[in-house]
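**Q** Dropping the sequence and predicted coords here.
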Amino acid sequence: MAPETPGNEPQALSNLLQENRRFAPPAALAAAANVTSAAYAEAAADRLAFWEHAAERLSWAKRWDTTLEWNPPFAKWFVGGELNVAYNCVDRHVEEGRGDKVAYHWEGEPEGDTRTLTYSDLKNEVGKAANALQELGVGKGDRVAIYMPMIPELPIAMLACARIGAVHSVVFGGFSASALKSRIDDADAKLVITADGGYRRGKPSALKPTVDEAVAECPQVEHVLVVRRTGQEVETNGKDVWWHDVVERQSDQHTAEPHGAEDPLYILYTSGTTGKPKGILHTTGGYLTQTAYTHHAVFDLKPETDIYWCTADIGWVTGHSYIVYGPLANGATSVIYEGTPDTPHRGRFWEIVQKYKITILYTAPTAIRTFMKWGDDIPAKFDMSSLRILGSVGEPINPEAYVWYREHIGDNRCPVVDTWWQTETGAIMISPLPGVTEGKPGAAMRPLPGIDADVVDDQGNSVPNGGGGFLVVREPWPSMLRTIWGDDQRYIDTYWSRFEGMYFPGDGAKRDEDGDLWLLGRVDDVMLVSGHNISTTEVESALVSHPKVAEAAVVGATDPVTGQAIVSFVILRGTAEESADIGTELRNHVAKTLGPIAKPRQILVVPELPKTRSGKIMRRLLRDVAENRSVGDVTTLADSTVMDLISEKLPSAKSED
Ligand code: WT7
């Protein structure tokens, strides 16, 4: 437990969770792994030479002069170098004789609705779209907002922008008109690319009316390019042009001009907890270098034989880096799925794994916990023997969810890689290497080769093994954000001001006795109980380790005795019955697992948890409930009815002890 300092201000995060399970890499995988432990030594000896080596995996029209120009906190990588991202992701594979290889197996939500795009097909489609964008007056440096469902035209539109040097800003298709409008305005986009709609939960879901509402107030938008996906009625106006009218008639030949390594590639807005969304700016050479390298290293991608599926939405950074840029740069064959995991049935994901013989699956803890809740019998019905590597991203993965994933999806054969990164980091930063690292359930383990991450205390000093504190990155990395679009000062204030000379991502972490890293959630969520800083992650993981619990969210609520007290919201597993003494049972379980300091004051059994559209638990809203306040802004909730369901449970919520 962390020592208390005078004034009861704890220095660091308590380290409560003990986890002794270990999983060694499968011998065959280790023997043939793309990356071995030598990479750590190579990067430690000369970090910049290591990244140069990674950059050489790409095709450059002009080699860079300077690997890194670092004027803290502003970095430029591969300065003087020139390359075209779309050429690297598409054309070069065709030129090297892989034109007939499948780039994307696309699976629509309606069953049987599929499309296959080879690298040649993709080259032709991207060429046509690039010609169309130019005809619509879009040129290098212009911003293009993209608001689309998960259909092949989405990566095609992104690659067409990249090809001509236009800067895309993909806005997740679940966002409202006002969110879309503010993003179009902030980036000053002149073109919006959208679709009539997409399929979600068995129904066509419209997108175009939202775009109309947003664009009505955006005079700078010259055109709206619309893909017909669902065939729904759409109203059209003078700005609208149909994709099938403008793109289809173009030549599929388009010359890819090289762009500067530091030319902007895209902006992606991240909302964070407060304030106006931040336009995270990524550039060209360093971004593609690190996304391609990490996809090759962390997933051990063998482009000839692997079938890779990342279940994220392309509207989030995970989709940008690990559905579009990383996999295509590596010549991978990927699956893209349009819909939700429960349409038309709860085995849909496993049916897709079986159908395409997926070998590498990359998904999120929120999805894994949902599958746990639905029951083990569902995945058990499918043949998933093709799988060889499982990835996790987006939140800390609770040890129990990790073990469930390993056992029920990976048949205890497949290593699980827990990958820590952010929209801002652009690519994976902390992760096991599947052929090198012994897996520990719940731990992201080590910074990747070439990444200098650390855990520090309040003063910015490294914590020893066994200690907890703040995650930081000490040296710049190729795919780092370059700034916040239009707001350098906010970039400095948000990420570079907490600790002198270090990047602060906002996450808590601990370093265990072996020196391995565990991510403990956002520091804003840390609870201060009787002078101890306790991470929500550890208490949630302890709850999820109880056989009756599928999901848990905990928050600190003001308490007259302890400062803050732990209030827990839990969802029971499909098979578990809610009994009268479940609260006592779970509170005792946490006390036994983590120690009495972490014993929740209160347990509420709820049917759902409030989550953002990217699946992160919105603890802010749960704090409102726990402190009996009226619930705050729910506009970023994926399902706004969830808070009503939770509040209904409140009368039964009694404070125990
Ligand atoms: C935040 C970034 C990374 C792409 C998707 C989310 C949390 C992400 C992990 C992980 C623990 C994680 C962090 C981070 N997070 N991955 N493996 N273990 N926490 O991107 O929306 O920018 O969110 O997600 O808190 O800061 P994002």
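**A** Looks like it came in fine.

**Q** In a helix, Leu622, correct?
**A** Yes: residue state for Leu622 (DSSP: H, G, I helix; E, B strand; the rest coil) corresponds to a helix.

**Q** need the helices for the stretch 351-500 of the chain, in chain order.
**A** Ranges of helices within the stretch 351-500 of the chain are 365-374, 377-380, 399-404, 488-495, based on DSSP state H, counting those that start in this stretch.

**Q** likewise the stretch 551-657 of the chain?
**A** 582-594, 619-626, 642-648.

**Q** residue contacts, Trp70?
**A** 76, 476 (Cβ atoms under 8 Å, 6 or more residues apart in numbering). Where C-beta positions appear, they are placed from N, C-alpha and C, glycine not excepted.

**Q** wait, is it part of a strand?
**A** Yes: assigned with three-state DSSP, Trp70 falls within a strand.

**Q** Bridge partners for it, pull those for me.
**A** Here Trp70 sits in beta bridges with Ala75, going by DSSP bridges.

**Q** distance between stretch 87-105 and the chain's centre?
**A** Relative to its chain's centre, stretch 87-105 lies at 26 Å (Cα atoms, centre = their mean, to the nearest Å).

**Q** what sits against the closest residue to the ligand within the stretch 551-657 of the chain?
**A** Residue nearest to the ligand within the stretch 551-657 of the chain: Ser614 (5.6 Å; Cβ to the nearest ligand atom). Each residue near Ser614 by Cβ under 8 Å, 6+ apart is listed here: 172, 313, 316, 394.

**Q** Take those and keep only those in strands.
**A** Residues from these lying in strands, with DSSP state E as the criterion: none.

**Q** Put together CSV for the helices of the stretch 551-657 of the chain, with distance to the ligand on each row.
**A** What follows is those, written out as CSV (distance: least, Cβ to the nearest ligand atom, whole Å):
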stretch, distance to the ligand
helix 582-594, 18
helix 619-626, 12
helix 642-648, 19
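
**Q** Just the element for Leu328, please.
**A** In this assignment (DSSP states H and E), Leu328 forms part of helix 326-329.

**Q** does any part of that helix sit near the ligand?
**A** No: no part of helix 326-329 sits close enough to the ligand to count as contact by Cβ under 6 Å from any ligand atom; the gap is at least 12.3 Å.

**Q** got a list of contacts for the helix or strand just after that helix?
**A** Sequence-wise, the next helix or strand downstream of helix 326-329 (DSSP H and E) is strand 333-337. Under the criterion Cβ under 8 Å, 6+ apart, residues 101-107, 109, 150, 152, 155, 303, 306-311, 314, 323, 327, 349, 352, 356, 358 lie in contact with strand 333-337.

**Q** Can you say which of those are buried?
**A** Applying 16 or more other Cβ atoms under 10 Å to the contacts of strand 333-337, the neighbour count classes 101-107, 109, 150, 152, 155, 306-311, 314, 323, 327, 349, 352, 356, 358 as buried.

**Q** From those, which land in strands?
**A** 102-107, 307-310.

**Q** I figured Asp477 hits Glu424, correct?
**A** One correction, residue 477 is Trp, not Asp. No: using Cβ atoms under 8 Å, Trp477 makes no contact with Glu424, being 10.7 Å away.

**Q** For the stretch 351-500 of the chain, which residues score under the pLDDT cut-off?
**A** Of all residues in the stretch 351-500 of the chain, none has pLDDT under 70.

**Q** Please list the residues of it that sit near the ligand.
**A** The stretch 351-500 of the chain comes close to the ligand at residues 393-396, 418-423, 444, as judged by Cβ under 6 Å from any ligand atom.

**Q** redo that, cut-off 8 Å
**A** Contact residues, the stretch 351-500 of the chain versus the ligand (Cβ under 8 Å from any ligand atom): 364-365, 392-397, 418-425, 428, 430-431, 444.

**Q** and if you look at the chain?
**A** Checking the chain against the ligand by Cβ under 8 Å from any ligand atom, the hits are 270, 312, 316-318, 321, 364-365, 392-397, 418-425, 428, 430-431, 444, 505-507, 519-522, 537, 614, 616.

**Q** Now do stretch 153-169: distance to the chain's middle.
**A** The chain centre lies 20 Å from the centre of stretch 153-169; the measure is Cα atoms, centre = their mean.

**Q** next one: stretch 360-379
**A** Relative to its parent chain, stretch 360-379 has a centroid offset of 16 Å by Cα atoms, centre = their mean.

**Q** for stretch 400-412, same thing?
**A** That offset, for stretch 400-412, works out to 20 Å (Cα atoms, centre = their mean).

**Q** And that stretch, what's buried?
**A** 400-406, 408-410.

**Q** From the opening residue of that stretch to its closing one, how far?
**A** Start-to-end span of stretch 400-412 (Cα to Cα, to the nearest Å) is 14 Å.

**Q** Quick one: residues contacting Ile352.
**A** Listed by Cβ under 8 Å, 6+ apart, the contact partners of Ile352 are 107, 309, 335, 337, 358.

**Q** The ligand versus the second one, what's the distance?
**A** By that I understand Trp309. Distance of Trp309 to the ligand, computed by Cβ to the nearest ligand atom, to the nearest Å: 16 Å.

**Q** Could you do the fourth one as well?
**A** Using Cβ to the nearest ligand atom, one obtains 17 Å as the distance from Tyr337 to the ligand.

**Q** and Met384, what does it touch?
**A** Contacts of Met384 by Cβ under 8 Å, 6+ apart are 350, 353-354, 358, 409, 411.

**Q** nope, Val523 is what I meant
**A** Listed by Cβ under 8 Å, 6+ apart, the contact set of Val523 reads 470, 506-508.

**Q** what sits against the closest residue to Gly615 other than its chain neighbours?
**A** Spatial nearest neighbour of Gly615, chain neighbours left out: Thr366 (3.6 Å); criterion: Cβ to Cβ, 6 or more residues apart in numbering. For Thr366, the contacting residues are 394-395, 611, 615-617, by Cβ under 8 Å, 6+ apart.

**Q** now do Ser386
**A** Neighbour list for Ser386: 307, 353-354, 357-359 [criterion: Cβ under 8 Å, 6+ apart].

**Q** ok, it to the ligand distance?
**A** The gap separating Ser386 from the ligand is 24 Å, by Cβ to the nearest ligand atom.

**Q** one step back: I'd like the contacts of Met384 as a markdown table, with distance to Leu29 appended.
**A** Converted to a markdown table, those look like this (distance: Cβ to Cβ, whole Å):
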| residue | distance to Leu29 |
| --- | --- |
| Trp350 | 22 |
| Val353 | 18 |
| Gln354 | 21 |
| Ile358 | 16 |
| Ile409 | 16 |
| Asp411 | 14 |
